[in-house]
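# sequence and computational prediction follow.
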Amino acid sequence: MITHWSATKTAQPVPLSVPHMAGNEWQYVREAIESGWVSTAGPHVERFEAAVARRALVRYGIATSSGTAALHTALVVAGIEADDEVLVSTLTFIASANAIRYAGANPVLIDAEPNYWQIDPNLVEEFLTRRCESKNGVLLNKATGRRVKGIVPVHIMGHPVDLDPIYDLARRFGLVVIEDAAEAIGADYKARPVGRTDSIAVYSFNGNKIITAGGGGMILTDRPDWAERAKYLTTQAKDDPIEYIHGAIGFNYRLTNMQAALGLAQLESLEEFVAYKRSIAWRYQSLLADVPGISTMPEAAWARSTFWLYTLLIDPEKFGSDSRELANRLQSLGIQTRPLWQPMHLSKPHGPCEVMGGEVAERLFRQSISIPCSVDLDLDQVDEIASIIRSHARA
Ligand SMILES: Cc1ncc(COP(=O)(O)O)c(C=O)c1O
């Protein structure tokens, strides 16, 4: 049962999205502390891994200290090597592109499609057919001569990527798929949980996600060799349980038992949280869809979105002001908002990377405003925020 904030209305600041802790969080964290297992081993880590994997319908879950760590490790175990090229959405949080760089590889940035804001499979195909060639069974970028090895579809904002065309292209061109599902636990693609991967996928349990472990991530796969390698690399690649003998350059990427305890309790509430976030989304949709210049958040017929961060697009011509002016107005009333991310091809660290398109991501970045949608948010507050936004139209 979700208990919401009392009718604080806008007299109190309304955060964008904050964790909701009303289940077994205290109990499980206390158990972890009382057991003495507080660090990077312990029964809650294993229970959390098993529970997340079971929910995602995959055989293995490997817990990590963050989603970024999960993504870095997943890229390495999936065979991404130094100097390879890896396709990734340009409209994403920077960790997706950074992790490719940590692996020593080079991102190729792909624009979003305009309907659901996810990586555009047509541009992926165009890059692979026009800009690449196969030599001795190896796919090479004609301009750089580098091996094109993988693709990272990022399920952004709690909405799935249309995966079938991505996997079709990956099979056709021999690419490995590493799904960045950091923002999409709880979402479904064609009635399958996002994270139920035919390759390898990752979740994040950062504090701003639908469920949190305080911080943390999870690698998901059906492949025993990848699961074993991921566990090995995330635990400093130790070859002997007693002696300090290491067989590779590993990482200190394991999740702590205390965090796993928190994550485990949060996972028990996931379905309830998603259902409530969906009701917030419908409420915003019913109150704002008819306002000239506002586009409410889309959901594909083949998708069940979690509406992780509820995001509007504002067309300044029709609305009368732009997304940043609206953000300032809401900020002045204590209502927290944020835009989508600066597309990677405009960012300082990834700007020099090759890009396919980019205009859609730029428009989405410019027009976007994410508005409060915590599981704690009262539907009365949703009504009030929607009415402030309505009143700002052509104000
Ligand atoms: C798309 C995406 N990828 C990766 C990450 C990295 O996850 P973490 O913050 O747990 O490292 C995040 C979010 O934080 C994200 O939104």
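Nice, thanks for sending it over. Residues are numbered from 1 along each chain as shown.
# around the ligand, pick out the residues from the stretch 151-300 of the chain.
Residues of the stretch 151-300 of the chain lying close to the ligand (Cβ under 6 Å from any ligand atom) are V154, D180, A182, E183, S204, N206, G217. The way it works is simple: take the backbone N, C-alpha and C, and place the C-beta from them, glycine included.
# and with 8 Å instead?
Residues of the stretch 151-300 of the chain lying near the ligand by Cβ under 8 Å from any ligand atom: 154-156, 180, 182-183, 202, 204-206, 208-209, 215-217.
# what's the helix or strand for V148?
Using DSSP states H and E, V148 sits within strand 148-152.
# measure the residue lying closest to R394 once chain neighbours are set aside to the ligand for me?
Take R394 and drop its neighbours on the chain: the residue closest to it by Cβ to Cβ, 6 or more residues apart in numbering is G320, 3.7 Å away. Between G320 and the ligand the computed distance is 31 Å (Cβ to the nearest ligand atom, to the nearest Å).
# not counting its neighbours along the chain, what's nearest the residue of the chain found nearest the ligand?
The ligand sits closest to G67 of the chain, with a gap of 2.5 Å, by Cβ to the nearest ligand atom. Of all residues not flanking G67 in the chain, S204 sits nearest, at 2.7 Å (Cβ to Cβ, 6+ apart).
# and I166, by the same measure?
I166's closest residue in space is P153 (Cβ to Cβ, 6+ apart), at 5.1 Å.
# so who does that neighbour touch?
For P153, the contact set (Cβ atoms under 8 Å, 6 or more residues apart in numbering) comprises S89, Q118, I119, V161, L163, I166, V177, E179, D180.
# in this structure, which helix has the most residues?
helix 270-288 (DSSP state H).
# since we're on I200, how many residues are nearby?
By other Cβ atoms under 10 Å, the residues close to I200 number 28.
# please settle this for me: is T68 part of a strand?
No. With DSSP: H, G, I helix; E, B strand; the rest coil as the criterion, T68 is helix rather than part of a strand.
# burial count for it?
There are 24 residues near T68, going by other Cβ under 10 Å.
# need the contact list for the nearest residue to it once chain neighbours are set aside.
Nearest in space to T68, with sequence neighbours left out and distances taken as Cβ to Cβ, 6+ apart, is A95 at 4.4 Å. Residues counted as contacts of A95 (Cβ under 8 Å, 6+ apart) are G67, T68, L71, A182.
# what's the helix or strand for the third one?
Secondary-structure element containing L71, defined by DSSP H and E: helix 67-77.
# and that helix, what does it pack against?
Helices and strands touching helix 67-77, by 3 or more Cβ pairs under 8 Å, 6 or more residues apart in numbering; DSSP states H and E, are strand 60-64, helix 95-102, strand 148-152, strand 176-180, strand 200-204, strand 217-221, helix 224-234.
# same list (those) but as a markdown table, adding mean pLDDT and distance to E243.
Shown next, in a markdown table, are the helices and strands packed on helix 67-77 (pLDDT from 0 to 100; distance: least, Cβ to Cβ, whole Å):
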| stretch | mean pLDDT | distance to E243 |
| --- | --- | --- |
| strand 60-64 | 98 | 24 |
| helix 95-102 | 98 | 28 |
| strand 148-152 | 98 | 35 |
| strand 176-180 | 98 | 33 |
| strand 200-204 | 98 | 30 |
| strand 217-221 | 98 | 27 |
| helix 224-234 | 98 | 16 |
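# of these, which is nearest H350?
Among the helices and strands packed on helix 67-77, helix 95-102 comes nearest to H350, with 4.9 Å by Cβ to Cβ.
# got the buried residues for stretch 91-101?
In terms of neighbour count (16 or more other Cβ atoms under 10 Å), stretch 91-101 has its buried residues at L91, T92, F93, A95, S96, A97, N98, A99, I100.
# L287: how many residues sit nearby?
Here the number of neighbours of L287 (other Cβ under 10 Å) works out to 17.
# contacts only, for it.
V382, D383, A386, S387, R390.
# any of the residues you listed buried? List them.
Using 16+ other Cβ under 10 Å as the threshold, V382, A386 are the buried ones among the contacts of L287.
# and the contacts of L287, which of them are in helices?
V382, D383, A386, S387, R390.
# does the second one touch R283 like I think?
Yes. Using Cβ atoms under 8 Å as the test, D383 is close enough to R283 to be in contact (7.2 Å).
# follow-up on the earlier one: does the residue of the chain closest to the ligand really touch E179, like I thought?
No. Using Cβ under 8 Å, G67 is not in contact with E179; the gap is 11.9 Å.
# number of residues surrounding D225?
Neighbour count for D225, taken as other Cβ under 10 Å: 9.
# who's in contact with it?
No contacts exist for D225 under Cβ under 8 Å, 6+ apart.
# quick one: average confidence on stretch 130-144?
For stretch 130-144, the mean per-residue pLDDT is 97.
# chain center to it, what's the gap?
30 Å (Cα atoms, centre = their mean, to the nearest Å).
# just the buried residues of it, please?
R131, C132, L139, L140, N141.
# list the beta-bridge partners for the fourth one.
Following DSSP bridges, L140 is listed with bridge partners E133, R147.
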